[in-house]
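S.K.: Build me a model from this:
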Amino acid sequence: MLHNIRWRIAIPSIILILLTMLGLGIYLSNFLRQVYLSELESQLANAARLVADDLAITYSDDNSSESLEQAARHWGDLVGARITIIALDGTVVGDSWENRETMDNHSDRAEVIQALASGQGKSIRYSNTTGFEMLYYAILVTAKEQPVAVLRLALPLQAIDTKVANLQRTLAGITLLVAGLATLMTILIANRTTRPIRELTLAADRMASGDLVAQLPVSTDDEVGQLSRSLNRMATQLRNEVEALQTERGKLTAILQQMTDGLVMVDEQGVVQMINPAAEAMFGISREQAINQSLAGALRQHQVVELWQRTQQSGGVQTITFEVASKRIYLQGIAASLEQELSGSVLFLFQNLTRQRYLETVRQDFISNVSHELRTPLAALKALTETLSEGALDDPPAARRFLEQMDTEVDSLSLMVTELLELSRIESGRVPLNLKPTHASKILAPAVERLRLQAERAGLEVLLDCPDDLPLVMADSQRLEQVVVNLLHNAIKFTPGGGRIDVSARGALNTVTFSVKDTGIGIAVDDLPRIFERFFKVDRARSTGGTGLGLAISRHLVEAHGGIIWAESIEGRGSTFSFSIPVAQ
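M.R.: Okay, here's the model as predicted:
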């Protein structure tokens, strides 16, 4: 209960009121008793003086005890009090209530001693004779200026106690009534005072749970109202700050999610604190597997651990290039210390260089292949021109033969330049395609007819299988015919005499697949992934001539149609080259 501010206000107030009323009641009881006692004492004093004056006139040594006792009872009836006449030696000679003969000597009574000493005395005590508390007032009686006796008047205090008890009961009732009313008023005031605080607490709880839109009620202009206004301003400011932070966090999350470069952040202990999806893909791990794991345990790349150690030591930017063997990719890792922003933390940026490495390899192969392809005809031309200049011109038959060879080499060079230009135009998208719905037979039949005579000379059988019910494809028939010619030409070159070449077309889901299958020498498994690269030739092809650009041109033409091209081969048992083209919608 005391944890509630309402009761912490009400209970002390109620206790204070009760204590105040109790103290007031005790004080009033004591005060009124003293007032009653004073009044009673004054009455006894007045009555005692009157009786003493009368007794002084009538008192003498000849008075008998019976006459004094009768006088005491007479005076007692008149003043309404107990009257006791005491001789100077303390002997009771007359009493209005009791038999004097049975009463003790009163020389030791306090009021008697005081009266003998100073002329008057008083006391309050319990009377063994009457059985209750009484007020005693004694006065010295003098006759002819000589003390003759002590007159004592007494009244019981039972009436005063009864009045005081009635007063106390009245005060107790008033106290309970006032305490009840005060308690009710205190609780109402405490409720009214603490209601804004309770409302403030509920609203603050909503804010603490994230509901910053909630506004605290402002019902007063006191301190609570001022506090509510201050908290409302704080909530508004916090809401604006949180919205700004959420916006910035959303931007950062979007950037991290969409970045193609990998980002990893570790703390001063080398424990991963952040990783983006690109880095997850690069290292083949998930965020759950990486967060709160050591750098070595998460990425499993010792080069990255060494990079982190160098960055920790130098405090600058460090760079390495390494290969992730499991993914067959090359990465460049850049590590930067975040000492100023986050003490001890390091941020890693991983860039995928696989494409660059591939392009660099292709460039190097291209230069090497072009150099190789150009060197052979140029060397032949050089040899022929030197032979002619050294005297072969004087031998017409030999000169003619050399000129024919020179013409062949020049044709080879022209073909290479033409195919290079064609390939460059296709790769750059500068070759316009005249796409229209076309049947597969319009592509395969002309190509087969163009090379049928060449195949027959090589002793090969060429078969065409193209069903009439195939769906039409969106194609530039002349360009795809060039693809089929290239594939068929290669099949003729690499198939020994007596072999067979099947040219076919088959319908598939939303595509038509074109195939050229031979029974030739086949392609080695290691060479198969690279056969569509520029200038790539398998070893057996080196002696057969050709530029090595035909398949590269075919791949780009097929991809320009939105299709794909691939090859399947078993060395020594032939090859199958296929490409698929989407059907016309």
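
S.K.: For the rest of this, base every contact and every neighbour count on C-alpha atoms.
M.R.: Noted.

S.K.: Lowest-scoring secondary structure element of the protein by mean pLDDT?
M.R.: helix 396-427 (a mean of 72; mean pLDDT, DSSP states H and E).

S.K.: Which parts of this structure are helices?
M.R.: 5-58, 65-79, 110-118, 158-208, 223-258, 277-283, 287-290, 295-299, 302-314, 354-389, 396-427, 441-457, 477-493, 550-560 (DSSP state H).

S.K.: can you redo the ones you listed as TSV with mean neighbour count and distance to L509?
M.R.: Shown next, in TSV, are the helices of the chain (neighbours: other Cα atoms under 10 Å; distance: least, Cα to Cα, whole Å):
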stretch	mean neighbour count	distance to L509
helix 5-58	16	78
helix 65-79	18	139
helix 110-118	19	135
helix 158-208	16	58
helix 223-258	14	33
helix 277-283	19	31
helix 287-290	14	38
helix 295-299	19	41
helix 302-314	17	46
helix 354-389	14	32
helix 396-427	15	27
helix 441-457	17	19
helix 477-493	22	20
helix 550-560	21	18
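
S.K.: Kindly reformat these as TSV containing distance to T91.
M.R.: Supplementary listing: the helices of the chain in TSV, determined by distance: least, Cα to Cα, whole Å:
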stretch	distance to T91
helix 5-58	17
helix 65-79	11
helix 110-118	11
helix 158-208	27
helix 223-258	80
helix 277-283	123
helix 287-290	114
helix 295-299	118
helix 302-314	118
helix 354-389	139
helix 396-427	153
helix 441-457	164
helix 477-493	161
helix 550-560	151
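
S.K.: Quick one: closest of these to G507.
M.R.: Judged by Cα to Cα, the one of the helices of the chain that comes nearest to G507 is helix 441-457, at 12.6 Å.

S.K.: which other helices and strands contact that closest one?
M.R.: Helices and strands touching helix 441-457, by 3 or more Cα pairs under 8 Å, 6 or more residues apart in numbering; DSSP states H and E, are strand 461-465, helix 477-493, strand 500-508.

S.K.: re the thing from before, tell me which of the helices of the chain approaches Y126 most closely.
M.R.: Closest approach to Y126 among those (Cα to Cα): helix 158-208, 11.2 Å.

S.K.: got the contact list for Q120?
M.R.: Each residue near Q120 by Cα atoms under 8 Å, 6 or more residues apart in numbering is listed here: E111, V112, Q114, Y137, A138, I139, L140.

S.K.: try it again with 10 Å
M.R.: For Q120, the contact set (Cα atoms under 10 Å, 6 or more residues apart in numbering) comprises 45, 48, 111-114, 137-141, 150-152.

S.K.: ok, now P12?
M.R.: L18, T186.

S.K.: any idea how far R192 is from it?
M.R.: According to Cα to Cα, to the nearest Å, P12 and R192 sit 17 Å apart.

S.K.: now do L331
M.R.: 70 Å.

S.K.: again, but for Q273
M.R.: According to Cα to Cα, Q273 and R192 sit 52 Å apart.

S.K.: and G262, what are its bridge partners?
M.R.: Per DSSP bridges, the residues bridged to G262 are F350.

S.K.: Verify the stated contact: it with A278.
M.R.: Yes - between G262 and A278 there is a contact under Cα atoms under 10 Å: 4.7 Å.

S.K.: which neighbours do these two share?
M.R.: With Cα under 10 Å, 6+ apart, G262 and A278 have common neighbours L256, F350, Q351, N352.

S.K.: Need the distance between the two termini of stretch 148-168.
M.R.: 44 Å.

S.K.: what is the mean pLDDT for that stretch?
M.R.: Averaging pLDDT along stretch 148-168 gives 81.

S.K.: quick one on the thing from earlier: can you tell which of the helices and strands packed on helix 441-457 is closest to T183?
M.R.: For the helices and strands packed on helix 441-457, proximity to T183 was assessed by Cα to Cα; strand 500-508 is nearest, at 93.1 Å.

S.K.: can you list the domains in the chain?
M.R.: 5-163, 210-257, 259-352, 357-427, 436-582 (automatic domain parsing).

S.K.: I'd like these written out as a markdown table, with distance to L202 added.
M.R.: What follows is the domains of the chain, written out as a markdown table (distance: least, Cα to Cα, whole Å):
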| stretch | distance to L202 |
| --- | --- |
| domain 5-163 | 15 |
| domain 210-257 | 9 |
| domain 259-352 | 36 |
| domain 357-427 | 63 |
| domain 436-582 | 64 |
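
S.K.: Go through these and find the least confident stretch.
M.R.: Looking at the domains of the chain, the bottom one is domain 357-427 with a mean of 72.
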